[in-house]
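Colleague: the sequence and its predicted three-dimensional model are supplied below.
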Amino acid sequence: MNWKLTILLLTILTISRAPSFGADGFVPLFDGKTLEGWNPLPGGTWEVTDGVIVGSQANTEKRHGMLLSEKQYGDFVVRLQYKSLEGNSGLYFRVQKIDHAVSVKGFQAEIDAGGNDVGGLYETLGRAWVVQPKPEDVKKFYKNKDWNKMTVTAIGGNVTVTVNGVKTAELKNDPGVRKGYFGMQLHGGQKMHVMFKDIEIKVLSGSVQPVISEKIHDTSRPLPKIVTPKSLASLGESRKPPQEAVVLFDGTNLDQWQGGPWTIKDGNMETVKGDVMTREAFGDCRLHVEWRVADPDSHGNSGVYLMNLYEVQIFNSHNNRAAIYADGQAAAIYGHYPPLVNACRPPGEWEVFDITFHGPRFDVSGKLTEPARVSLLHNGILVQNDVSLTGPTLHKRRPLYKQHADKLPFYLQHHGDRLQFRNIWVVGL
């Protein structure tokens, strides 16, 4: 055979066997057709039907049926959909094979047909329940006898589980094993019927780059619970700029700003045209911003862009009245994280943001060494708790970091709606 033709055929064969990376870096762990890459252990039956892995087992089977991955994994984000119709199951991760009726030792993220403890963390042949969700919490997100989305993020000793976009378990600096197999379980002594599909993984390999398993602007992510905000009077002294603060707007002039133009109306800064940006650059800081949606029927779409790159969303989200995806709600880190709760006031009333921001760090070669982090109090309620950003803000995608200066200006966005701002000040950290 001609050697050039041989190389061409080998290249085509190699490409055809290579994993297909999605736009967000995830690759399939299940090809949708076969159990290639998985090993069934004694107990129960596993088969592929219509693009779905189906596990079944009679209640006379005492062993735990298990479908184990051929490969072991360390740091990763794995996501899948499951439907549990009968019995108790689980997604095992970082487990080790042992000679025992349960076949493995290690963590599982709980799956149960009745919704019991769904999304909790159980360590088989170890500490038993490590994180056990409350039944009343599970009822809010679990879809009984229907498809549920589960993600597990494991980076070193830090583990997070979400089900249908709700965080159900979290561990920090856990001493457990940090590499092992994935497994899908059929619980011994129970009649079992469970299904899995769309199993995908992003291997992290020690990267400091944060990963968000939920797709950007995913409308299936639940909207945050509505809570009562603290009154302006109760916020009291926290609204006053401390002595070391740089006052960016006190109601008298726009000297600290460029762009726009915006205007001052009744002592408030009001959007007119274009964005406005601070003349001064800032790095790590604590930023206080008060804003309100001037028109009750407006979406009130705007944002605070830290370092001109990282957006804290402004939106008319009172009682979830303006339809938008969860990661676009007021006080969301736009496209990244919905707020923990919805603490919005009605339009026309003043909202208060207290933002604590730590910018990203890069080494001399431009490699990311620490991601940007944000905490946020909205009307005195904690809605973002030291979350790590995956990179700058863009609509419908999450770009990775590129090295930039330690200090940059921030800007307030004009998205076409009429917004008003007052009492803006910043303290460097």
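Modeller: Happy to help now that I have it.
Colleague: could you tell me the end-to-end distance of stretch 313-332?
Modeller: 5 Å (Cα to Cα, to the nearest Å).
Colleague: give me the mean pLDDT for that stretch.
Modeller: Mean per-residue pLDDT for stretch 313-332: 90.
Colleague: ditto for stretch 363-370
Modeller: The average pLDDT for stretch 363-370 rounds to 89.
Colleague: what is the end-to-end distance of it?
Modeller: Stretch 363-370: ends 9 Å apart by Cα to Cα.
Colleague: in it, what counts as buried?
Modeller: By 16 or more other Cβ atoms under 10 Å, the buried positions in stretch 363-370 come out as L368. For every residue, glycine as well, the C-beta is placed using N, CA and C.
Colleague: so how far is that stretch from its chain's centroid?
Modeller: Taking Cα atoms, centre = their mean, to the nearest Å, one finds the center of stretch 363-370 at 23 Å from the center of the full chain.
Colleague: and if you look at stretch 78-90?
Modeller: 21 Å.
Colleague: and that stretch, average pLDDT?
Modeller: Per-residue scores along stretch 78-90 average to 96.
Colleague: residues of it that come out buried?
Modeller: 78-84, 86-90.
Colleague: next SSE downstream of the helix or strand where K202 lies?
Modeller: Using DSSP states H and E, K202 falls within strand 192-203. Moving toward the C-terminus from strand 192-203, the next helix or strand (DSSP H and E) is strand 225-226.
Colleague: contacts for that next one, please.
Modeller: 319-320, 341-342 (Cβ atoms under 8 Å, 6 or more residues apart in numbering).
Colleague: just checking, next helix/strand downstream of it?
Modeller: helix 232-235.
Colleague: what helices or strands is that next one leaning on?
Modeller: Other helices and strands packing on helix 232-235, by 3 or more Cβ pairs under 8 Å, 6 or more residues apart in numbering; DSSP states H and E, are absent; none qualifies.
Colleague: show me what counts as buried in whichever helix or strand comes after that helix.
Modeller: Remark: after helix 232-235, the chain's next helix or strand is strand 246-249, criterion DSSP H and E. For strand 246-249, the neighbour count (16+ other Cβ under 10 Å) marks 246, 248-249 as buried.
Colleague: closest to P409 out of those residues?
Modeller: Closest to P409 out of the buried residues of strand 246-249 is L248 (10.5 Å), distances taken as Cβ to Cβ.
Colleague: which residues touch that closest one?
Modeller: 256-257, 278, 424-426.
Colleague: repeat the analysis, applying 7 Å as the threshold.
Modeller: Contacts of L248 were listed using Cβ atoms under 7 Å, 6 or more residues apart in numbering, and they are 256, 278, 424-426.
Colleague: could you check how far it is from F107?
Modeller: 47 Å (Cβ to Cβ, to the nearest Å).
Colleague: likewise for Q384?
Modeller: 27 Å.
Colleague: got it, and D386?
Modeller: Relative to F107, D386 is positioned 24 Å away (Cβ to Cβ).
Colleague: circling back: looking at Q384 and F107, which is more packed in?
Modeller: Taking other Cβ atoms under 10 Å, Q384 and F107 do not tie; F107 has more neighbours (28 against 22).
Colleague: which residues does the more buried one bridge with?
Modeller: With DSSP bridges as the criterion, F107 is bridged to F93, E123.
Colleague: that one and G176 touch, don't they?
Modeller: Yes: contact status for F107 versus G176: in contact at 6.4 Å, counting by Cβ atoms under 7 Å.
Colleague: for those two, list the residues in contact with both.
Modeller: E123.
Colleague: which strand or helix spans Y82?
Modeller: strand 76-86.
Colleague: can you list contacts of that strand?
Modeller: Contacts for strand 76-86 (Cβ under 7 Å, 6+ apart): 93, 111-113, 145-154, 182, 191-204, 211, 213.
Colleague: let's see 8 Å
Modeller: 26, 29, 89, 91, 93, 111-113, 145-154, 182, 190-204, 211, 213.
Colleague: backbone phi and psi for Y334, please?
Modeller: phi -50, psi 130 (degrees, to the nearest 10).
Colleague: that one reaches I324, doesn't it?
Modeller: No: using Cβ atoms under 8 Å, Y334 is not in contact with I324, being 10.3 Å away.
Colleague: any stretches of the protein with poor pLDDT?
Modeller: The model of the chain has pLDDT under 70 over residues 1-23, 206-207, 322.
Colleague: how about 80 then?
Modeller: Scanning the chain with the threshold set as pLDDT under 80 gives 1-25, 205-209, 211, 213, 321-323.
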